[in-house]
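Asker: sequence plus the predicted model coming up.
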Amino acid sequence: EAWLVPVAEALAHLHATRVAGLPGHSPRHGAEGVLAAARAIGTALPDLAAEVDRLATSLAADLTAVVGPETTIHGDFSDNQVLVSDAGVALLDLDEVRLDNPLFDVGTFLARLQAHPKESPGAADEARAIFLEAYVALRPDAREHIPLFEAAALLRRWAAFPLRRPRPGWSDEIERLVRLTSQRLREYRRHGRSTTVGF
């Protein structure tokens, strides 16, 4: 947890760095990826299909409506893409770096903390709050849209993940992450939904 603030600062620094010649955004990270994940979940868990389809359709519409800046982003940002030491923080594995909305990185990082908590869910909530506050301190205009991008990452990346590597209780894990996705989307909608992300 002591490193979450410098990690957030390092990510914000990457987002502020201009790099010439980067590729543009990837549809699989946005609405298309959310809808594809919902189809996979609905196929594996037919009882959840209608609910997850409604959730994904709503989430995809909100993502499509948001107009944000295209800046340098990591593209696959999570806690295992960071090396920390007494010398500072280094971001790893920049093979997916591109121009896109920087909140994809923030949402992906926060979703990973919640999807695979290293300790208790309470500790994951605390880590999420620390990182979120540190990033928002540098990018205050991003606050209201972060739950939307976190919801997208939860559904797109983590809710469908147990289908790739099933373990005991995999269906319960998917249901937990679908519920968490829905919760984050409600948070986004409670705080108003402007369609422009300012930076």
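Answerer: Cool, the structure landed. Residues are numbered from 1 along each chain as shown.
Asker: CA atoms for contacts and neighbours, from now on please.
Answerer: Fine.
Asker: you'd agree T17 is in a helix?
Answerer: No - according to DSSP: H, G, I helix; E, B strand; the rest coil, T17 belongs to no helix; its state is coil.
Asker: is it true that it touches H74?
Answerer: No - counting by CA atoms under 8 Å, H74 is not a contact partner of T17; they are 11.2 Å apart.
Asker: mind listing the strands for this structure?
Answerer: Listed in chain order, the strands of the chain (DSSP state E) span 71-73, 82-85, 88-91, 98-100.
Asker: in terms of secondary structure, what does the last one contact?
Answerer: When you say that, I think you mean strand 98-100. On a contact count with 3 or more CA pairs under 8 Å, 6 or more residues apart in numbering; DSSP states H and E, strand 98-100 meets strand 71-73.
Asker: which residues touch the strand it packs on?
Answerer: By CA atoms under 8 Å, 6 or more residues apart in numbering, the surrounding residues in contact with strand 71-73 are 14-19, 22, 97-102, 104-105.
Asker: how far does stretch 93-102 sit from its chain's centre?
Answerer: Distance of stretch 93-102 from the chain centroid (CA atoms, centre = their mean, to the nearest Å) equals 13 Å.
Asker: buried stuff in it?
Answerer: Residues of stretch 93-102 classed as buried: 97-102 (neighbour count, 16 or more other CA atoms under 10 Å).
Asker: and what of stretch 129-147?
Answerer: Under 16+ other CA under 10 Å, the buried positions of stretch 129-147 are 130-136, 142-147.
Asker: okay, and which of these map to helices?
Answerer: Among the buried residues of stretch 129-147, the ones falling in helices (DSSP state H) are 130-136, 146-147.
Asker: can you pull the contacts of the nearest residue to D100 once chain neighbours are set aside?
Answerer: Among residues not flanking D100 along the chain, E70 sits closest, at 4.4 Å (CA to CA, 6 or more residues apart in numbering). Listed by CA under 8 Å, 6+ apart, the contact partners of E70 are 99-102.
Asker: reformat those residues as TSV; add distance to L59 and pLDDT.
Answerer: TSV is the format used below for these (distance: CA to CA, whole Å; pLDDT from 0 to 100):
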residue	distance to L59	pLDDT
L99	22	93
D100	18	92
N101	16	92
P102	18	94
